[in-house]
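>>> Here is my input, please return the structure:
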Amino acid sequence: MKRILLLSLLLISLAFNAQININVGSTNVGTAPVSSFFSYSYVQQIYPKQEVNANAAGNITGLTFYIDPSSTISDSSNWTVYLGHTTKTAFTSGTDWVPSSQLTQVFAGTVTKNNNKVELTFTTPFAYNNTDNLVIAAKENAPSIDINNFDEAFKVYSHLPYSTLYYKGDNAVVDPASPPGGIRADYKSSVTILGLAPRSTPACPFVAYPTNNAQLVSLSPNIKWFPVSGADSYKISVGTSSGGTNVINQQLVTGTNFTPSTPLNSNTNYYLKVTAVSAGVESSGCTEVVFKTIPPVPVNDACSGALLASTFPYSYTQSDAVSATNNAGNIAVCPDAMNDGTWFKLIGDGSQYTIKVTMPTGSTFDPQVDVYSGTCSALGCVGTMDNGGAAAAETITIPTTAGTEYYINVGSYEETIDVPEDVFTITITKL
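Take a look at the predicted model:
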């Protein structure tokens, strides 16, 4: 009987003391879990299952939020708090609220600042299924504001893009059943989740760059990930096959970014895994990120390698333009200087030619088209065209002299800095 009683007391103690801390050491402030600087606010935040990192499904018995030591919340203390499950990982727009029908009210009342914290205890625990992502929603109902040097009071940390959606204003208490359009943020509340026990291994990091299935990644990418609570270091592995480590094998890193010491190969698929380490224990079950590097430098990267247009209409899609180099630097032969992009040429016959450059749907590339005569070492300006903005087609018509070579440079319009080119199609038509 004594053993049963002691075991019961131990289980009760473990359940009472179980908690998950998520970035509680942050020093930044923001509009979450509520706004202290506006009269009324409503905020929803998504905490992915991967980040919560609970060892099992269980009851959430309370939450603790953290306040800047110099801030007060005496006029921002009337709260209603809700929890819920969602498969969302981000809010897709300012109106993409999780419906109130999917949320459960867990707290309503007055909160206070105590030891730079707001501690909420739920009368009825929330049953977290440890399958879906967790939604924490809160609205602040008091009509007054806390000035706090014209800033927010609650601690937040940077995380996945659009993982928070908030509305704040001075007109009326927000109805969660029909909230107004809000603003998305790339941060969330530093929080302690009471009642859940963490896994014995640290959470898997979220890789910020490159994203999964990213294309045209640099040969020396600056790999970035979001910090994991409690992690003291991270391990990076990169291979050319799933699970491979033939490029980088468990490289230990103390920060949250890493660039390979040796450039990667062009036009190659790579498999990246980042794990967190805490006191010698490594996170497990982390998924890979697959990305593909940029293609090789185009054959027509330099004037000397210009592609000859000899049959008209001539058309060429430069799918590898992103790998173009700026060679000796921006070209200022024409009055409007531009990048050294990719090159084409034609031999004049006395006719006029129309040169048109177009971009695929969704492109943001903003090209300039320069036409020169002469030789690659002694170019002379024939004409330049940069009338449109990003993704806008550029068209220029030139007269030609029989036997004269004309060089066409298609590159980024910037005059003094090197900006990567992108996919385009050039069409040359003889009039």
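>>> Just the element for the spatially closest residue to Lys139 that is not a sequence neighbour, please.
Distance criterion CB to CB, 6 or more residues apart in numbering; nearest residue to Lys139, sequence neighbours excluded, is Tyr42 at 4.3 Å. (Glycine included, C-beta is placed from N, CA and C.) In the assignment (DSSP states H and E), Tyr42 maps to strand 40-47.
>>> and the next element down the chain from that strand?
helix 49-52.
>>> quick check, distance from that following helix to the centre of its chain.
18 Å (CA atoms, centre = their mean, to the nearest Å).
>>> and the next element down the chain from it?
Taking DSSP H and E, what comes next after helix 49-52 is strand 58-66.
>>> State the mean pLDDT of whichever helix or strand comes after that following strand.
Using DSSP H and E, the helix or strand that follows strand 58-66 towards the C-terminus is strand 78-86. For strand 78-86, mean pLDDT rounds to 98.
>>> Contact partners for Gly374?
Gly380, Glu405, Tyr407 (CB atoms under 8 Å, 6 or more residues apart in numbering).
>>> How many residues are close by the residue nearest to Lys139?
By other CB atoms under 10 Å, the residues close to Tyr42 number 26.
>>> ditto for Thr384
If we define neighbours as other CB under 10 Å, then Thr384 has 20 of them.
>>> my guess is it contacts Tyr372, does it?
No. Counting by CB atoms under 8 Å, Thr384 does not reach Tyr372; the two are 9.5 Å apart.
>>> shared neighbours, the two?
Jointly contacting Thr384 and Tyr372 under the rule CB under 8 Å, 6+ apart are Cys334.
>>> Could you list the buried residues of stretch 68-88?
Judged by neighbour count (16 or more other CB atoms under 10 Å), stretch 68-88 contains these buried residues: 68, 71, 73, 75-86, 88.
>>> still on that earlier bit, give the PyMOL command for selecting the buried subset of the contacts of Gly374.
The following PyMOL line selects those of these that are buried, judged by 16+ other CB under 10 Å:
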select buried, resi 405+407
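>>> give me the number of residues near Val52?
As a burial measure, Val52 scores 19 neighbours (other CB under 10 Å).
>>> Next: Asn149.
Residues near Asn149, counting by other CB under 10 Å, number 10.
>>> any chance of the contacts of Gly374 in CSV, plus distance to Ile60, secondary structure and pLDDT?
Formatted as CSV, these follow (distance: CB to CB, whole Å; DSSP: H, G, I helix; E, B strand; the rest coil; pLDDT from 0 to 100):
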residue, distance to Ile60, secondary structure, pLDDT
Gly380, 73, strand, 97
Glu405, 74, strand, 97
Tyr407, 67, strand, 98
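>>> Please tabulate the contacts of Gly374 in CSV, including the columns distance to Val247.
Output for the contacts of Gly374, formatted as CSV (distance: CB to CB, whole Å):
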residue, distance to Val247
Gly380, 47
Glu405, 44
Tyr407, 39
